[in-house]
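> Show me the folded form of this:
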Amino acid sequence: MITILTLAMRKIRAIPLKSKPTFAVVVDGDCEVWYLQMLKRNERSIVVNIEPKIPQRKRLSKQYENVIELSEENTKVFWIIDFDVIASETKSAKAGSKTAFQLFLEYKKTISEKHKNIVLIVNNPCLEFWLLLHFEATSKYFDTCEGAEKQLKKHLKDYEKTQKYYTKQDNDIYLRLKPNLAGALKNAKALKLFNTENTNKGMSEMQLFFEANEFKQLFKK
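Got it, this is the predicted structure:
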C-alpha cells in the first residue's frame, strides 16, 4: 500500500503546476519603470506579473544581453528603447567600431528571427512622445527628448521627470493619462512601426505592449 501511495504522489508531482505568466520589461530609464508600475497599480484585473528592470550598465549591448537572458525565464520580454539614446551613442562611437545603430539593426534582426517571446518597442525620441500622443495626433520629429518634453508640457504644464510626479497617490501619471489612452493607441498605430530607413520621424510603438494577448481585451475599446 505504501508503494502505491508513493507512486501516486510521484505522478501527481509530475504534473506541472500552472503558474501566472510573467512579463519582464527592460528599459533604460526610470520614467518607464514608474509608468509601468502605475499601470499595474491601477489596472487591478491584470493577472500578469510585470517586472520592469533597468540593467546596471545601460549601454545597448548590455541591455540586449539582459533581454536575451530574461527571455529564457519569462513568458514574454518587452524591450523598450528610447531612440535618442541610440542616436547619441552612435554619434559618440569610436572610429572603426560598430555604432549603436548598427548593433540595434543586428539585435532587431536576431530577435525577429530567433526570439518570438521578445517584443522590441521603440519610442522616438523617448517615452515622452508616447505621453504626447495622449493629447496630439502628431509625427513631429524631436531630435532630443527635451524637445518632446517641452511639447508635452503644453498639455501637462506641471510635468516632471521625477518619481514623485509619476507615482503621486490618486494622481499618478497613468491615472492622469488613462482617459486618453484609447486615443493614444489609435495615434500610435496610425504612425506605423519604426522605420529604420527613416529615423527622422516622431513615433511610438507602445501599442505593442497593450496589444499583448494576455491583456489586450482589457484595453480594447
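> Show the contacting residues for Glu128.
31, 145, 148-149, 152 (CB atoms under 8 Å, 6 or more residues apart in numbering). No exception for glycine: its C-beta is placed from N, CA and C like everyone else's.
> ok, now how distant is it from Phe23?
Computed with CB to CB, to the nearest Å, the distance linking Glu128 and Phe23 is 23 Å.
> ok, so what distance separates Glu197 from Leu152?
The gap separating Glu197 from Leu152 is 27 Å, by CB to CB.
> between those two, who's got more neighbours?
Leu152 (21 against 4; other CB atoms under 10 Å).
> didn't that one look like it was pressed against Tyr159?
Yes - assessed by CB atoms under 8 Å, Leu152 is found in contact with Tyr159 at 5.7 Å.
> what do the two both touch?
With CB under 8 Å, 6+ apart, Leu152 and Tyr159 have no common neighbours.
> And what about the spatially most central residue of the chain, helix, strand or coil?
When CA atoms, centre = their mean is applied to the chain, the residue found nearest the centroid is Ile80 (3.7 Å). Of the three states, Ile80 takes strand under DSSP: H, G, I helix; E, B strand; the rest coil.
> Please apply the same query to the one 5 residues further on.
Taking three-state DSSP as the rule, one finds Val85 in the helix state.
> Skipping adjacent residues, who's closest to it in space?
Asp28 (5.8 Å; CB to CB, 6 or more residues apart in numbering).
> Show me where this protein has its helices.
2-14, 30-42, 60-71, 83-91, 100-114, 127-132, 145-152, 163-167, 173-177, 181-190, 207-210, 216-219 (DSSP state H).
> what inclination does the second one have with respect to helix 145-152?
So the one you mean is helix 30-42. 40 degrees (axes from the mean of the first three to the mean of the last three CA atoms, to 10 degrees).
> packing partners for helix 30-42?
Judged by 3 or more CB pairs under 8 Å, 6 or more residues apart in numbering; DSSP states H and E, helix 30-42 is in contact with strand 49-53, helix 127-132, helix 163-167, helix 173-177.
> picking that back up, just among the contacts of Glu128, which is most surrounded?
Ala148 (27 neighbours).
> Please name the residues that touch it.
If a contact means CB under 8 Å, 6+ apart, then Ala148 has 125-126, 128-129, 132, 142, 202 as its contacts.
> same thing but 6 Å
By CB atoms under 6 Å, 6 or more residues apart in numbering, the contact set of Ala148 is 125, 128-129, 142.
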